[in-house]
Each structure stands twice: as C-alpha cells, then as structure tokens.
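Novice: Output the structure for:
(chains A, B and C)
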Amino acid sequence: MRLRHFLTALAAFGLTLAAASAQTADQYKGKTVAFVPVALGYDLEDGWSAILKHQADKLGYTYEVRNPNLNSDVGAQAISQLITEKPTVLVIQNPDVQVYSRLIKKAEKAGIHVIQINMKSVAPSDYFVGADYVQLGQQAADMMVQKCGAGSGKSGKIAIVQGVLTAAASVLQMQGIDAVLSKHPDIKVVSNQAADWDSSKARAIMQTVVQQNPDLCGVVGFWDSMDVGTGSAIREAGKAAQVFLVTSGGGSDTACTNIDNGTFGAELSYDVPRQGSDMNKDILAAMTAGPAPDADKVTQITPLKVLSKETIGTTGCWTLKQLQAAAG
Amino acid sequence: MLSALRARRDAFLGRGQASVTIPAMDGALRPNQHLDRARIVRVATAPDCLVVRGDEVLYASGDTVYRLRAGAPADEAVAAFGATVTCLAADADGALAVGLDDGQLVVHRASGSQVLHAGGRCPTALAFDGGSVIVAHGSAAHPPSRWRYDLMQRGASGAVWRAPLDGGAPSLLAEGLGWPAGLLVRGGAVIVSESWRHRLVRLDGRAVTAVLDDLPGYPGRLAPDAADGALLALFAPRSQLVEFVLREPAYRRRMMAEIDEAYWIAPALASGRSFLEPLQGGGVKHMATLNPWAPTRSYGLVARLDASCKPVASWHSRAGGAFHGVTSAIEHSGVLLASSAGGDAIVAVDGREAAA
Amino acid sequence: MPEGAGPGLRSGQAEPASPARVGLAERLTEQRYRLFPDHVVGEILAKGWVDNATPFAFLLIVLALFGSLIPDFFSGASLVASARQLGEFGCVVIGQTIVLVGGGIDLSVGSSFALGNIVALMCINLAGLPAWAAFGCTLAASGAVGLLNGVLVGYLRLRAFLTTLVTLIIVRAVVDVLLLHEAVPISMGNSNSAVWDWLGDATVAGVPFSLIVWLVLIVGGHIILSRTRPGWHVMAVGGSRRSAHNAGISVRRTVCATYVIAGLLTGLSAFLFAARLGSTGSETGSGLELSVLTAAILGGNSLGGGRGSMAKALMGSITVLAITNGVVRLGLHAGAGPLVLGLFLLLAIVVDVRWLKNRHKILSKVYISPAYQRLAPPASAAADAGTPYAMNDKLADVEVLGLDRVDGPEDVIFDRNDHMYTGSRHGDIHRFLAPDYTRHEVFAHIGGFPLGMAFDRDDNLLVCVGGMGLYRVRPDRVVEKVTDETNRSRLSINDDTRLRLADDLDIAPDGKIYFSEATTRYEMNTWPVDALEARGNGRLICYDPARGSTRTILRGLRFPNGICLAHDGQSFLFAQTWACSISRYWIAGPKAGTTELVIANLPGHPDNINRASDGTYWLALVGMRSPVVDLSLRMPGFRRRMARRVAADEWLYPNINIGCVVKIDDGGQVLDALWDRHGRNHPMITSMREHRGYLYLGGILNNRVGRYRIPGADPDWTGIGSYWGARA
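Specialist: Next up is the predicted model:
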C-alpha cells in the first residue's frame, strides 16, 4: 500500500518530466542550478537534492550543491561566491530568517532566480516552495489540546523543542502554537527550548525536562531528525506511553520507523517528493522566463499530511534509495 | 644493492658506518694522572717490548735487547739483531723469541740463534706456547714500523700463526685481522688485541670471538699480571678527527702521497714535537697551557683486565703529558713497568697506584 | 697567492704553486668553489625572514591546488566575495598572532566572537543605537572577555590553554542564554542605521571595507610588533618570560595586554560580521578558534611564543580561507572541511616543531662553507733549515710583565711617557706604568675585545674593538666611538655594514685611519673557524675624520690582520692571516690606490706588523702552517664534511700553538726570526711593539706581556715618536 502511494507520487513527478522533455532539450544546455541547503546528510536535504539532480541529468543542465554544514557564515560565503558565478537558478534553504536576506536581494538583482525551500527569509524571492509552518504549528498545538487538554484527564503539561530559534520553521510554528494555546489555558508549557536541529542537544534538553516534570503529557518537536533524540530521552525515562510526541518533517522512512516503534506519536509531514517536483517545475519556469526574473512571486504551499500509527499503513513513507533509484 | 645504497647515503649524511663517534674514556678507563706521576726507571730511545724472563726484566730499544738493571746507571745489552726489534717473548728456560722489523723471527738462546719460518713478514707480538711460538703479523703489506700506513690504508691483512720450535711448517690460526698487536696465551685459547678494530678477540681453534669491544684507544701488547688478569697497553688514543679521516679516502690518499708520515692526521706515539704537526681546535693553548682533555694524537694508557678481559683499572698520561705511546706494560714483583715509546722512558708505578 | 683573494690584489701576483702538482680534478674543484658561493645558503638560512619560506610555500601550494581544481577560483568577483570574509577572519588571526607571540594562546575567540556578534545586533536591531555606539558596545563586550583572560593568565598566572578553554565555555553559555531570549526579536528587528547597512556591503574602490581594515591593521601591527617598544616587549615576553622580567619588562601587564588586544580585534571582526549577515545563531563563531589557530600556526607563528609576525598572520589567514572555501566549492562531503583543516594544522605544527628544533642544527651545519685555497709549500722553518725563519730559542729568556693581570693582550703600545697599554678579553684597556711596569691600572673600559691599537697625533689612543668597531680613548680616559659601520656591499646577503671584528689599525699622515676587519662572517669568539673556510671574508676599511665617513677600500681579503704605515708614509703594509701573505696598499705617489704583494707563502700565519727602529718592520706569526692543513685547504669538501661530522673541539686548526716574530724590510726580505721554541711564555704571538730598545710581545690567548732586549737597537727610538715626531 505504501508503495502504491509512492508510485502515485512518482507518476506525478514523471508527468512533469515528460512535459519538460517535450521541449527541446537544448534550451537547458549550459544553464546551472545551484543548491545551498542548511546541511547535507539529512533525509530532507538529501531527498530534495536527489530530485533536483535527477531533472538536471535528464535535461542536461548543470546541478551543483554547496554544503555549509550548519554554518551560516560558510553558507553566506557560498552564496556570495555563487552570485559571482551567476547560476540560472539558486535554491536556498534559509537557516534563519535574517542571515541570507541581503544576499537573496543581491542575487535577484544580479539576475539569478532564487527559490527558497521550506524555510523563508525575511527577504522574499521569486519562488517559494514549502510548508505553511503557522498552520503546522496550529495543528500540532491542536493535537496537544486534544491529547492533554481539559477532559483528557492528563496533567496538561507540554514541552516544546524548537530548532534554531531564528529559523523560519521555528518562528512561524511558534506563532501557530501560541495562537492555539492562548485560547487553552489548561495547557501549560513547562519548557520551551532550542535544540538547534541537533538530536543530541534535543535529547539532553528532554532528559532534564522529563526529570523535572514526571507528569509531562506531550511534546511538540520541530523536526523529526532532531526529535529522534527527544523521543529517545522520553523512552529512556520509561515515559513513552505517557508522553505524546508530535513532530514534523519530510516523511521519510525514518519517520515511519519511529512512529511504528512508538517514539513519535505523530508526524506532520510535508511531502519531500512533492516539494522536489514543485521546485523542479519552478526551475523550468525560471529557466524559460527569460533574462529578467519574473516580478510575480510564486509560492507553492506543500500540503501537510498527518502520519500516525493509524495512517502510515495507507500513506507510507519514502526512502532516499527509492528516490535515487527512480531518479537514476 | 640496498646495502650499497645505504652505504652511499650514510657516506653522504655521515651516519651509520660513516659516523665518527668514539667511545668515551669512562668507567674503569676514566682518565687519571697515575702514569704522568710515575717514576722514571730508565731513559732510553723508544723503549719497547718489556718482558719478564725468570726474575729479570728485558726490553728492546732499537736493534738491541737490554736487561733492565734498576738503580744502575745503564742497562746491560743482551743481544743486538741488526734490525729494529719489534716484539719479544721469553720462555721458562731462558729462550728469547725476537721479531724484527725486517720480517725475521729469531729464537735466541745462550747456545745460539735459530731463524724460524713464521708465516708472515710483520711480527708484532710473540708468545711461547709449549713447543711452539705463537706470532702475530700485523699486516701482509707493511713491516711493523710502517703501522700508520697500514692503518691509513684501512688494512685488514693481519694474521696469527703457530710456528713449531723444531723448525716445522707453521700453521695459521687466524687471518684477516686488523693489525693484531698483542698476544696472550690463556688455557687452550689465544687472546689477540686487534688494534684497528679497537678490540680483543679470542682464538679458539678456528673460532674468532670478540671479548672486549669498542676501546677508546688502539690496543697493543698484552701481558699476564700477577693474578689471573692481564695488562693491556693501548699505544695511541682514538680520535674523532682520525676516524673521520679514515672515512675520507681522497684526502687520505693525498696525505700519504704528499706529506711526511710524522705530520699526518694519524695516531702517534708522541706529539707536540714539531709545529708541522696537526693541531685540533681543543688543543689550542690558552694562557700558555694545554687542557688535559684537549684532543690529542698521542696518549699514555695501560689498562688492567680481569680474567674475563673486562677492564678493572687504568693508568693514564693525558694530553700534553710526558709518557705517551705506551707500547708494553708488565707487572714485576708488585711494580707496574711501562715502556713509553713517546716519552723515551721506562717508568714504574709502585704500591697502591700500581694496584689501582 | 690563491686566486680570488680580492680585487685589489691582482697586480704583481705570480702563481707560485708548481703546476705539476695540480691535477684536472683539482682544477675543477677550484672552479666549482669559485663559481658557486656555498656560503650564501648558510647566510640565507641565518636570515629572520627565512621562517616565512615554508608558510609561503604552503600558501602557493594551496592556491595552486584549488586554482587548478576550481575553474574560476581566481576570477575578480570570486576574489572580492572571499576578501570580505578574509578581512573579518584576518582580524581575529591578528589578535591570535599577538597572543601567540606573547607566549600565550587564546581559545576563547570563538565565543568572544559570538558574543560580539549578538551584542552588535542587540544594539542595532533592538536598542536602535547608532552604528558607532553599537561598535563601542561590541568592542567593550569582546574586550571584556579579553581582559578576563588577560587578568587570569597574566596576573593570576593561570595556564593559558585551560583558562581560555574555560572562558570559551562560559562565554558560549552566556551567548546561549542571550540567544534564547533575544534571537527571535533580533531576527525580526530591523536596523535604521544607514552606516550599518553600508558597512555590511561596503566596498571602497571595489575593495571590501573589511579587507581594507584588515590590511591597515596588518601594516600597523607589523610596525608595532617589529619597530616599537611595546611590540618588542611582547616578543621578549614570548621569547623568555624570565629574561624579559630580568630586563625590566612588566611581564604581567604585557601578557594581559595581548589578550585584551585579541579581544578587541575579535570584537571588531564580530562587528563587521554582524553588519554583513545580520544574523545570530548558536553556530556563529563555533569552531572559529580552531581555524584561527590553524591560520596563525600555518602562517609560521610559533606555538612556543616569541616568534611571529604580521606577514605570517597574513599568509596563514589566506591559506586557511582558501582551504575552507575551496573545500565547500568542491562540494565535498560534510566534515571534509574540518578534516582538511585539521590535517593542515597537524602538518603545520609538525613543521613548526621540527623546523624550530632543527633550524639551528641545519644552520650550524650549513653555515660553515669552506672555499678552495692553494698555497705553495713554504720555506722551511726547521732549526737546521738555514733559512731566515729557522727556529731558535731567542725568546726563551724574555722578561715577563703583568703575569695574570691581563687576559688576552692582543696588542701592546706605549705613550709618550713610556706607559704601556694593552687590551684585555674583558673589554678593558690596561695601563702599566713606566718605568718598571709593575704598577698597573685599568685605564678605561670599552667593552668588546680590544685588539689593535695606535696613538694619533693628539695622543688619543685608537683601538679596534672586536665585536664593537673602532673606538678612541682620550688622554683624559673618555671613551668615544669613532665608527662602527661602513658602507654595505652590494651583493652581500649578510648585512655587512656593522663591524664585527675590527682587528688592527694605523693612521696615515693626513689623519685618515686605515683598519682591517678580519672577517664579516664570524664573531670574536669564533674567529679560528674562519680559518676553516679560508674564504676572503675580510676587508680593509678607511675612516676619514675630516668627513666623518667610513668606506670599505678592499674586499675579499683572507683574514686581513696587522696593518702598518710604511716608514715613508706612502703606503700601508697589511697581513692576510689565512693567505700567509703581506701586501702593500699605496695611499700616495704614482701607485696610489693600488695593491701589490710583498711576501707570499710565509711559513706561518701573519698577524700584526709594526715599525722597527732600524727602518724595517716586525711581523708576528700567530701560528705555523701545517702540511695537513695546507692539503685540506685544497679539498673544501673534506673541510665541509669535517665541520659537519666532527665536534668543533676536534676540528683541524692551523697550528696557532706556536709562532714567532720575524723582521722584514720594505722589499719583503725576511731578515731575522725570534722564537720561543718550547712555547713556555709565548706559544702564540699576535703582536709585538718596539720601544726604547726592547721588543714587547702580546698574545691574544696569553696572560702576560713579554719583554725582549733587542741587541743593538736604538735605545731612544719610540713608535709614537716615529709617527708624530718628538713633542714640541
């Protein structure tokens, strides 16, 4: 069943490709797409990169990745460098809302189309592909209310494990959570800390929180790769049954495994293959848009899916191998 | 192939075989002034070959063998041989074996002389052993007086022979030695001092084993002491500069061809006699005096060895001292006698210092 | 005479060596040593800047590597993009370099940088302060971290490594707390400072602002570190705390100051960084201490302190940035950057340690570079040789003066009142009072090692002082420097302007002082080593009192030593010790300015020359030639290997344990010789002076002055009278 779902996604993906290849392949020759993620080595970024690379190989334009490895200064340097190299399209995952804003403006001024993926900067660019984090925050908070709020018979104590505080994902999700919780005084946030997308940091934070609050009811984590640490701290404390952990992420097989084994209560997933194909569409649009980037801002919001024990049977998860195999 | 390359590298960098380190005088060979403070028994030109015959002491100077007469104004000539006497041995019944610089080996008795066939032409040391004489030949290429040539050519053609007193054919005990210069018969074996390799070896049948290694000087004659040990005369010191020159074939060749032997960079029995001799940095006189630890080409050194040939005591005449070039040393009625060829004297060390 | 003994010596030289003895191989050797000046290698290694060679090579290798791997690595735009980051990074490296030079290490720069960054952003984005105020706050924050380090390490004497490691952690914790509360507001906030916005993206004539700031700091830092007192203090403290303390430097304050400077520079860098990116996060500045330290060490700054420069900081910064950016641009896997950097740091440390350890070894092995010299066999000086040199024992019964009261009377001289003067190893001029020379006083203290002496027309005592130069002692005992430098030779690598070993002098009738400098490559206490080289390392120099100028007149002399004005005042005789020759330099007459050989092939090594009462000259032979030394002079490779493999005490020397005095006339005829055959009093004679019928003997390694009655000498003749006439 999972596989079938995956194949549907791939079919959609394939259609885009077919549409693209209908055009003369020559027009992509010599063009370049560059991707600056926050870091490689995670399912999210590796998934995007695999899909981006696949289309590039298919259509014959150049694709390259610069890996800042969680260091935004290195990332900024890489973008500055890329601006001088003038790729056609620049795909940027912002580590925070501020750090690349000036560079994004500069890149667009230099005639480079910029696609921001998932995490926005304060500077808007031509294209944005990503989840609506405010909505994601609201959904997560709703789950907390449902599981821990008045009438559930639980303590109402929840903890929040943010990523990098200044990242769009954190800032916007907090907005959504705050909006819901302000209406629910029965929910008490006992801890709200930043684990900087780092699972070992998240684990350290959660170890303390669980000790201080033995009656903790729920946790909102901001990213599944990081919350593997959060979940393992809860499990080590023997509270897996008591504490409901909701996280969010790209919905790869890690998510399914962790839901299966009860580490995650639920995951709000933005679909990576979908995001990848959205980006690929934007890339083609940008490449054919002519010399000046289109003044209109194109935003494609990725719909959210809820992965839980009940749903993983039907929706399934993707693996990087599948993506690469389908791509290769 | 590899070892040849290694040798080239070593020669270039001055490592391994090409390095010029020499052992320090230390332990039992720690420098002292016992020899410099010794009493002169006889002034003689380059005395050599001290041996004990019965209760008398014989030595050689030039071509003559003398009987030492302590207290008398002069010694008594025993015999003259027409060539420089280079080694001497006496047996219990008064016979003398005499090696000469012209290569001859003569057995001298009151009854007359007998020339022995000795296997080589460079007798440097002799010892009686039963019915034969054991003779060391320093080199196959040079007579004993040209020892410096052999050293500078890195000679290794020395041999030890056994010559029967009955005139029979001599037999070879060992060959390929680097200037054997001292012999000591002990039990069934012969201890040989191998000068150019700075060591003592034991000849046991055909086996050659080192018994004392890495000496800081060139070992010469051996003589039994009063106990079961031995006295070893080291006739010259080793020096870094000489070791270095030994590793410089081109320089050595030209030095031997162009310069008088007395002024070579080579060990000597005496030094400081001419301003044409080489001087080394540490040998520069300050305030008209020479440091006793200055590098020197000549030195006086006698070592006492125990039964296992390990040094236990030593007597020194240091740089600038009077009694350099000790070619032989014996113990006679509690007195240590040494012939200083460089100091032109036979000296005696008495009493406690002799036992030191 | 050897070839190449100096430009001034070409005229009138025969080649006395019998050509039959010189084979083709030796001719080739001779040419090889003439054409390839080996000593240059050693002189280059002795230079301070040679330390920079390795880091510079590193830099070139890294640039070449990435330049070839990455197509447009060197394109202008690409360089500008890197340069902005370089400026910020480089400022921190300068701070680290100063700390390292001062003997410390600062690991807290990463946290300090993060603190500066967040403080700057709080000031601008939250408090809305103007840029200059924000700048002040940033410097204050990072400077405070530096001050904390400085107080802990400098004043409380804690270990730099651990202390700054602790500050690293503490300050990082402070930053984390600030981040938790302020990060989101900061990222949401906006600056309303135009200066701030300009700073972030500023270029001046196409050059990023931060790079300009950095370059200005590099130049300023270089001047401060290498040319000013505070910089020297830092160097001295880093080199040796104890020595610096003994020299009166406030070690604690200096150490503290280095950390404060490092803190301030980190603050400056953080400020520029904040203006550029406007972002704060927990990763800001993390790992910075590693790359900064790598840059500083890779540039060649020593971890041990006392050795470092701004040029090294510059090279190191560029190298490290080229590596980190290059690795990112190659798209290598995560972690490859730190890995490559770590490997380079390791390499740099290894090189640093090995180089420091071995440089002096290499130098001591390479510095001595013997040259080829061929001397013909000399006349024999053996007692029965029948030559004028023949050994005798005329000096056996010299009268000994001043025994053990002088140490090293290289020269002896007399004033108009017959008082005797000698120098000493301790830098004193001793005066022995006439008539019996038993009373003695220290006439003046100059320092160095006083060598040759002469009285001028006004009774001033002129002295060549080894290690110092040419000095004058006035009759009222006031010591004055006459000159201690000459013009630099054009092609020399060693700075040869300073006088290292002024040896002997004499004064021309017009008052010009001609003096010899024995060697420009060795110092007073290593002068015999110059014999091992036997190269023309010495020179003849003229000081003109009228113009106050000092000029080198002859170069390439083989240990020029004694110099004496001829009786007719037309020329100088001078000796070259290692060349075993006497030459004449004309100062007047038709041959003025030319040099001619007077005696070649002496059997010994000539030293001082002085006038004799009968119109001839006394010449001291400081040592005798030995055949093995003469041979070694023709085999430079032998001497070079000897210098490397044999301990210095064991080196072959010219025989300076015995010497003599000979008498020569103007034509170079040797008339007589005086020997101390057994060397009891005068094994080595460096000088002799005739005075009222006696000859006085000095020796540089001796502790006495000898007095010898010259048979038949004029009992009224004095040297000073012979030069300047009887006093009016």
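Novice: In three-state terms, label the closest residue to residue C:636 other than its chain neighbours for me.
Specialist: Of all residues beyond its chain neighbours, the one nearest residue C:636 is residue C:370 (4.1 Å), with distances taken as Cβ to Cβ, 6 or more residues apart in numbering or on different chains. Heads up, the C-betas are built off the backbone N, CA and C, glycines and all. Look at residue C:370: counting by DSSP: H, G, I helix; E, B strand; the rest coil, its state is coil.
Novice: residues in contact with residue C:370?
Specialist: Residues counted as contacts of residue C:370 (Cβ atoms under 8 Å, 6 or more residues apart in numbering or on different chains) are C:33, C:38, C:532-535, C:636-637, C:639-640, C:643.
Novice: Distance from the chain centre to the helix or strand hosting residue C:230, please.
Specialist: For residue C:230, the element it lies in under DSSP states H and E is helix C:229-239. Offset of helix C:229-239 from its chain centre (Cα atoms, centre = their mean, to the nearest Å): 18 Å.
Novice: Beyond it, next helix or strand please.
Specialist: Later in the chain than helix C:229-239, the nearest helix or strand by DSSP H and E is helix C:241-246.
Novice: wait, does the helix or strand following that next one contact chain A?
Specialist: As assigned by DSSP H and E, the chain's next helix or strand after helix C:241-246 is helix C:251-277. Yes - using Cβ under 8 Å from any Cβ of the partner chain, we find that helix C:251-277 touches chain A at C:273, C:276-277.
Novice: Lowest-confidence entry in these?
Specialist: For those, the weakest pLDDT value sits at residue C:277, with 83.
Novice: Leaving out sequence neighbours, find the closest residue to it.
Specialist: residue A:99 (5.0 Å).
Novice: So which bits of the stretch 501-650 of chain C are right by chain B?
Specialist: Counting by Cβ under 8 Å from any Cβ, the stretch 501-650 of chain C sits next to chain B at C:528, C:623-629, C:631-632, C:635, C:638, C:641-642, C:644-650.
Novice: Buried ones among those residues?
Specialist: Listed as buried from those are C:528, C:623-629, C:631-632, C:635, C:638, C:641-642, C:645-646, C:649-650; burial here means 16 or more other Cβ atoms under 10 Å in any protein chain shown.
Novice: Between the contacts of residue C:370, which has the least confident prediction?
Specialist: For the contacts of residue C:370, the least confident position by pLDDT is residue C:38, scoring 79.
Novice: Report the contact partners of that residue.
Specialist: By Cβ under 8 Å, 6+ apart, the contact list for residue C:38 reads C:369-371, C:640.
Novice: if we can go back for a sec, please export the alpha-carbon coordinates of the helix holding residue C:230; PDB is fine.
Specialist: Provided in PDB are the C-alpha atoms of helix C:229-239 (Å, rounded to 0.1, in the frame of the first residue of the first chain):
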ATOM      1  CA  ARG C 229      58.900  49.300  22.300                       C
ATOM      2  CA  PRO C 230      55.500  47.600  23.100                       C
ATOM      3  CA  GLY C 231      55.900  45.200  20.200                       C
ATOM      4  CA  TRP C 232      59.400  44.300  21.400                       C
ATOM      5  CA  HIS C 233      58.100  43.800  24.900                       C
ATOM      6  CA  VAL C 234      55.600  41.300  23.600                       C
ATOM      7  CA  MET C 235      58.300  39.500  21.600                       C
ATOM      8  CA  ALA C 236      60.600  39.500  24.600                       C
ATOM      9  CA  VAL C 237      58.000  38.100  26.900                       C
ATOM     10  CA  GLY C 238      57.100  35.400  24.500                       C
ATOM     11  CA  GLY C 239      60.700  34.500  23.900                       C
END
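Novice: buried stuff in it?
Specialist: Along helix C:229-239, these residues count as buried under the neighbour rule (16+ other Cβ under 10 Å): C:231-239.
Novice: do stretch B:286-296 as well
Specialist: B:286, B:288, B:290-291, B:294-296.
Novice: any idea of the mean pLDDT in that stretch?
Specialist: Mean pLDDT, stretch B:286-296: 85.
Novice: Is it positioned near chain C?
Specialist: Yes - interface with chain C: stretch B:286-296 contributes B:286-288, B:290, B:294-295 (Cβ under 8 Å from any Cβ).
Novice: Relative to chain A, which of these is nearest.
Specialist: Taking Cβ to the nearest Cβ as the measure, chain A lies nearest residue B:295 of the residues of stretch B:286-296 next to chain C, at 63.7 Å.
Novice: So what pairs up with the nearest residue to the closest one once chain neighbours are set aside in the strands?
Specialist: Computed as Cβ to Cβ, 6+ apart, the closest residue to residue B:295 that is not its neighbour in sequence is residue B:280, at 4.2 Å. For residue B:280, the beta-bridge partners are residue C:652 (DSSP bridges).
Novice: which residues touch residue B:280?
Specialist: Contacts of residue B:280 (Cβ under 8 Å, 6+ apart): B:239, B:241, B:294-295, C:649-653.
Novice: what about the closest residue to chain B within the stretch 501-650 of chain C, distance to residue C:577?
Specialist: Nearest residue of the stretch 501-650 of chain C to chain B: residue C:649, at 3.3 Å (Cβ to the nearest Cβ). Distance, residue C:649 to residue C:577, using Cβ to Cβ, to the nearest Å: 21 Å.
Novice: and what of residue C:439?
Specialist: Shown here: residue C:439 relative to residue C:577, a distance of 34 Å by Cβ to Cβ.
Novice: neighbour count winner among those two?
Specialist: Using other Cβ atoms under 10 Å in any protein chain shown, the more surrounded residue of residue C:439 and residue C:577 is residue C:577, with 31 against 10.
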